[in-house]
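>>> predicted model, plus sequence, below.
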Amino acid sequence: MPTQDTRENPLGQSIILFVIFFALFLGGIFAFSFLTLSNVWPAAIALALIFLSFVIPMTWLSRANSSDE
């Protein structure tokens, strides 16, 4: 008897999460366009957005590596 494929997230939820975090990433890249030598805050905002767009999906939204399979 074949077992049903179990996924971590349903397809719709995965697409929504991808769109949200890709928008964060693009927002970080867009923030670099406001960077000047006299104002470094756009760089800080850009790095924070890009950092969050990678860290949140890789840590809190993914399955733990130590889970029992």
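Structure's in. What do you need?
>>> enumerate every residue touching the residue nearest to the spatial centre of the chain.
For the chain, the residue nearest the mean C-alpha position is Ser53 (3.1 Å; CA atoms, centre = their mean). With contact taken as CB atoms under 8 Å, 6 or more residues apart in numbering, Ser53 is in contact with Phe21, Phe22, Leu24, Phe25, Gly28. Bear in mind the C-beta positions are built from the backbone N, C-alpha and C, glycine included.
>>> just read off the phi/psi values of it.
Recorded main-chain torsions at Ser53 are phi -70, psi -20, according to degrees, to the nearest 10.
>>> take the contacts of Ser53 and, keeping just the buried ones, write it as a ChimeraX select command.
To isolate the buried ones among these in ChimeraX, judged by 16 or more other CB atoms under 10 Å, type:
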select :21,24,28
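>>> grab the longest helix from this protein for me.
Longest helix in the chain by number of residues (criterion: DSSP state H): helix 11-31.
>>> what about that one, distance to the chain center?
6 Å (CA atoms, centre = their mean, to the nearest Å).
>>> what helices and strands are in contact with it?
Based on contacts counted as 3 or more CB pairs under 8 Å, 6 or more residues apart in numbering; DSSP states H and E, the elements that helix 11-31 packs against are helix 41-59.
>>> between the contacts of Ser53, which sits nearest Trp41?
Nearest to Trp41 out of the contacts of Ser53 is Gly28 (CB to CB; 13.2 Å).
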